[in-house]
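**Student:** Provide a 3D model corresponding to the input given below.
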Amino acid sequence: MPTPNKLVILDRDGVINQDSDDYVKSLDEWLPYPSAIDAIARLSRAGWTVAVATNQSGIARGYYDEATLAAMHERLEALVEARGGEIRRIVHCPHGPDDDCDCRKPLPGLLEQIRQDLGIASLQGAWMVGDSLRDLQAGEAVGCHSVLVRTGKGERTLAKGKGLERARVFADLAAFADWLLG
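**Tutor:** Predicted coordinates for the structure are as follows:
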């Protein structure tokens, strides 16, 4: 059973793959950062449990469907597995910002789903890595350590400067993995 102090929860777009203001709508548009794929595999091989929690409102907006999203996540898992790593769980929120769900970050519903799925009593001490304030807020709501990466929307988030008091900042997921494993 994973323990929270050996759990890393990742946002997807902007952390693992290139983000787009027009949404990542197809497998062709899903462009992983090679260093992020390697970082996930290194964390996993070092005994860390890696999970992904991602808002995917493009589904609610009709830009792509669940099958397209599943294909992206299958590709992600295959790339990580090819490097000897594993993503233990991927959860997503398919809702739009006005759908009044409890899973869309900054709410912690996705992280609670990961906690339940992995059979962990608490997420206190786990790591939440994201490129936006809402990622960090979701993690902090359940006791995670916050990590902001500068990739994706990270530079924009950093420039706003609000709500980042507890966050550690890294250039990208690989730099965070180097630090965590160092």
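
**Student:** residues contacting residue 172?
**Tutor:** For residue 172, the contact set (CB atoms under 8 Å, 6 or more residues apart in numbering) comprises 33, 35-36, 39, 149-151. In short, each C-beta sits where N, CA and C put it, glycine included.

**Student:** which is the next helix or strand following the lengthiest helix in the chain?
**Tutor:** Assignment by DSSP state H gives helix 66-82 as the longest helix of the chain. Counting by DSSP states H and E, the next helix or strand C-terminal to helix 66-82 is strand 89-93.

**Student:** all strands of this structure, in order?
**Tutor:** According to DSSP state E, the chain carries its strands in the segments 7-10, 49-55, 89-93, 127-130, 145-149, 167-170.

**Student:** how much does the second one deviate in direction from helix 66-82?
**Tutor:** By that I understand strand 49-55. Between the axes of strand 49-55 and helix 66-82, defined by axes from the mean of the first three to the mean of the last three CA atoms, to 10 degrees, the angle is 150 degrees.

**Student:** what's the answer for the fifth one, then?
**Tutor:** With the same axes, to 10 degrees as the criterion, the two stretches strand 145-149 and helix 66-82 enclose an angle of 100 degrees.

**Student:** I'd like to know which of the contacts of residue 172 are buried.
**Tutor:** 33, 36, 39, 149-151 (16 or more other CB atoms under 10 Å).

**Student:** quick one: which two of those residues are the most distant?
**Tutor:** Spanning the widest gap among these are 39 and 150, at 14.1 Å by CB to CB.

**Student:** In helices, which of the contacts of residue 172 fall?
**Tutor:** Those of these lying in helices (DSSP H): 35-36, 39.

**Student:** give me the low-pLDDT residue ranges for the protein?
**Tutor:** Applying pLDDT under 70 to the chain flags residues 1-4.

**Student:** measure the residue of the chain positioned farthest from its centre to residue 23 for me?
**Tutor:** Residue farthest from the centre of the chain, counting by CA atoms, centre = their mean, is residue 62 at 22.1 Å. As judged by CB to CB, to the nearest Å, residue 62 and residue 23 stand 11 Å apart.
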